[in-house]
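Enquirer: below are the sequence and a predicted model for it; my questions follow.
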Amino acid sequence: MGHALLIGLSRQMSLRRELDVVSNNIANINTTGFKSGTMVFEEFMMPRARHDDFARADRKISFVQDRSTWHDLGQGPIRPTGNPLDVALDGDAFLVVQTPRGERYTRNGAFQINTAGQLITNEGDTVLGENGPIRFQLEDKDVTISRDGTISVPEGIRGKLRLVTFENNHRLQKDGSSTFKAPDGMPPTPARYPHVIQGSIEQSNVKAVVEMTRMIEVTRAYSQVASLLQQHGDMRKNSIERLAEVPA
């Protein structure tokens with residue numbers, strides 16, 4: 001009976017973590033460049049159980065463990081905005097931005113110009129070009145961003161977006177609503193064939209109907225496990241009460 005309670009508790013903990021991930025996906029349906037997440041679970045057994053090393057004829061007991069969160073880096077819908085500072089990336093490239101935590105990588109191409117004339121994202125991160133931050137002059141207008149990321153105005157070129165790719169994108173780690181960081185030993189490489197679309201942004205790739213369905217499924221599973229644990233608790237209580245009864 002005790003083992004059943006522990007197994008149920010491990011399942012509840014995993015479901016709670018999955019519900020957090022689903023809720024975060026739903027909360028970021030309208031976040032530019034957001035990539036949805038999915039929980040990855042695995043079977044967990046104590047070392048002796050894994051090696052079938054029991055002192056007596058016990059049975060193996062499997063628990064549930066949330067191993068990690070897998071991020072879906074599939075491209076989201078591209079929506080035209082008409083804003084010449086907005087860009088969307090067609091392909092697997094990433095923009096490079098400077099944050100207080102260091103360089104990060106994003107698909108958020110909703111740009112604006114701050115008071116210092118620097119190009120920044122709508123989250124306030126500085127957009128980096130191949131030669132550092134991209135700066136505009138006060139009188140600059142009619143901004144043009146070419147397919148390869150070159151940013152120019154009638155008076156001249158103001159910079160070129162730094163676009164990078166990774167050997168294994170799925171090893172990138174979430175570090176913000178739409179930014180990622182690369183693990184140690186996985187440096188970025190320049191994108192070979194970038195395709196920048198001016199006047200558009202990449203929307204979140206979260207599928208609202210799918211996530212709402214997942215939330216309902218997780219909530220129901222959590223309730224079922226809670227009901228099972230309650231039943232086991234009642235069985236234990238009744239057993240103790242009966243054993244405590246003294247015959248007249």
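Expert: Thanks, I have it.
Enquirer: only C-alpha atoms from now on, for both contacts and neighbour counts.
Expert: Noted.
Enquirer: show the end-to-end separation of stretch 193-205, please.
Expert: With C-alpha to C-alpha, to the nearest Å as the measure, stretch 193-205 spans 22 Å from end to end.
Enquirer: number of residues surrounding Arg101?
Expert: Arg101 has 8 neighbours, counted by other C-alpha atoms under 10 Å.
Enquirer: where in this structure is pLDDT low?
Expert: For the chain, residues meeting the criterion pLDDT under 70 lie at 1-5, 41-68, 232-234, 236-248.
Enquirer: what's the separation between the spatially most central residue of the chain and Arg135?
Expert: Nearest to the mean C-alpha position of the chain, by C-alpha atoms, centre = their mean, lies Gly37 at 4.4 Å. To Arg135, Gly37 is 34 Å away according to C-alpha to C-alpha.
Enquirer: ranges for the helices of this protein?
Expert: For the chain, the helices defined by DSSP state H occupy 2-27, 47-50, 208-244.
Enquirer: how about Arg147, what does it touch?
Expert: By C-alpha atoms under 8 Å, 6 or more residues apart in numbering, Arg147 lies in contact with Pro194, His195, Val196, Ile197, Gln198.
Enquirer: skipping adjacent residues, who's closest to Ile151 in space?
Expert: Ile145 (4.5 Å; C-alpha to C-alpha, 6 or more residues apart in numbering).
Enquirer: number of residues surrounding that neighbour?
Expert: 23.
Enquirer: what's the answer for Thr99, then?
Expert: Other residues close to Thr99 by other C-alpha under 10 Å number 15.
Enquirer: is it true that it touches Thr126?
Expert: Yes: contact criterion C-alpha atoms under 8 Å: Thr99 and Thr126 qualify, at 6.9 Å.
Enquirer: cheers, nothing more for now.
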